[in-house]
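J.: Below: sequence and its predicted model.
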Amino acid sequence: MKLRVVEIQQSILRKNDDLAGALRERFAASETLVVNLLSSPGSGKTTLLEATLGRLGADYRVGALVGDQATRNDADRLARSGAPVRQITTAAECRLDADMVGNALVDWAALPLEILFIENVGNLICPAEYDLGEDLRVVLTAVTEGEDKPLKYPLAFNTSHVALITKIDLADAVGFDRAASHAAIRSVHPNIEILEIACRTGAGLDAWNALLEARLRAKLQKSAYRTCYAGTDCDTD
Ligand SMILES: Nc1nc2c(ncn2[C@@H]2O[C@H](COP(=O)(O)OP(=O)(O)O)[C@@H](O)[C@H]2O)c(=O)[nH]1
Ligand SMILES: [Mg+2]
């Protein structure tokens, strides 16, 4: 019986990987940088996106998909930034999957975007297993959660490219042990990029925005190289 459950789960994940691969090709063609945000509920994903959409929205076509089991509270919060936003209500599911993302893109007048943010459903377990075709997976952990979450939920940290330690303005108040937190993150993912941020004060947000802009530039360069290599549009100056 247990074996059957494992087989079904593996088949679901294989199907998701195929759909995510198709999404990745689509996002390569549209030159869209896709950023998937994972964290426990309340770590600050929506607050960070409010700040990020507001700031990058002045220079880039940015938008967001927001996954939650119920309500469209976060989508309403993000829409106030003026950026296009779509809510995905997952009901019983504890994560977004590639099929949900593909469906949310259908007939979206905002496309193509230069940066698409995806706020995943708030938990550190199921979202880690589902590729959404993203370029950048970002895991957030707030200082109020303690230092050991990477050890308890290693897959979320191990599969992410960037770890954001959020609410750093509260570090002293909660006796946050910075060295222990960094050590825990690095013990499950030695080379991961770590940024400490606080949306409340703006700390670390310049570095976060610079990181996103650098990733977007890198994606565009890769795309230009691929187009040139294919011989269709090669600027030889
Ligand atoms: N002190 C402090 N609170 C924050 C910060 N970022 C978010 N919060 C608060 O944390 C709570 C949860 O934030 P939210 O963005 O909704 O988390 P999400 O569930 O991960 O989307 C809200 O009350 C925010 O105001 C921060 O940098 N500092
Ligand atoms: Mg949220």
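T.: That came in fine, so what should we check first? Ligands and ions are numbered 1, 2, ... in the order given.
J.: Quick check: residues of the protein near ligand 1?
T.: Residues of the chain found near ligand 1 (Cβ under 6 Å from any ligand atom) are 39, 41-47, 122, 166-167, 169-170, 198-200. (Glycine included, C-beta is placed from N, CA and C.)
J.: Please list only the buried members of these.
T.: With burial judged by 16 or more other Cβ atoms under 10 Å, the buried subset of those is Ser39, Ser43, Gly44, Lys45, Thr46, Thr47, Gly122, Thr166, Lys167, Ala198, Cys199.
J.: Contacts only, for the first one.
T.: Same thing as Ser39. Ser39 makes contact with Lys45, Gly122, Leu124, Val139, Leu140, Thr141, Ala142, Thr166 under the criterion Cβ atoms under 8 Å, 6 or more residues apart in numbering.
J.: quick one: Val138 and ligand 1, what's the gap?
T.: According to Cβ to the nearest ligand atom, to the nearest Å, Val138 and ligand 1 sit 12 Å apart.
J.: Return the backbone torsion pair for Glu193.
T.: Backbone geometry at Glu193, expressed as degrees, to the nearest 10, gives phi -80, psi 130.
J.: Who are the contact partners of it?
T.: Residues counted as contacts of Glu193 (Cβ under 8 Å, 6+ apart) are His161, Val162, Ala163, Leu211.
J.: at 6 Å what do you get?
T.: Val162 (Cβ atoms under 6 Å, 6 or more residues apart in numbering).
J.: repeat for Arg14
T.: Residues in contact with Arg14 (Cβ under 6 Å, 6+ apart): none are found.
J.: Dump stretch 95-109 to PDB, keeping only the CA atoms.
T.: The C-alpha trace of stretch 95-109 is given here as PDB (Å, rounded to 0.1, in the frame of the first residue of the first chain):
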ATOM      1  CA  ARG A  95       1.600  24.300  -2.700                       C
ATOM      2  CA  LEU A  96       1.400  25.700  -6.200                       C
ATOM      3  CA  ASP A  97       2.300  23.400  -9.100                       C
ATOM      4  CA  ALA A  98       3.300  24.100 -12.700                       C
ATOM      5  CA  ASP A  99      -0.200  23.300 -14.000                       C
ATOM      6  CA  MET A 100      -1.700  26.000 -11.700                       C
ATOM      7  CA  VAL A 101       0.900  28.500 -12.900                       C
ATOM      8  CA  GLY A 102       0.200  27.700 -16.500                       C
ATOM      9  CA  ASN A 103      -3.500  28.100 -16.100                       C
ATOM     10  CA  ALA A 104      -3.100  31.400 -14.300                       C
ATOM     11  CA  LEU A 105      -1.100  32.800 -17.300                       C
ATOM     12  CA  VAL A 106      -4.000  32.100 -19.800                       C
ATOM     13  CA  ASP A 107      -5.400  35.300 -21.300                       C
ATOM     14  CA  TRP A 108      -3.400  37.500 -19.000                       C
ATOM     15  CA  ALA A 109      -3.200  40.900 -20.700                       C
END
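J.: Among the residues of the chain next to ligand 1, which one sits closest to ligand 2?
T.: Ligand 2 has its nearest neighbour among the residues of the chain next to ligand 1 in Thr46, at 3.4 Å by Cβ to the ion.
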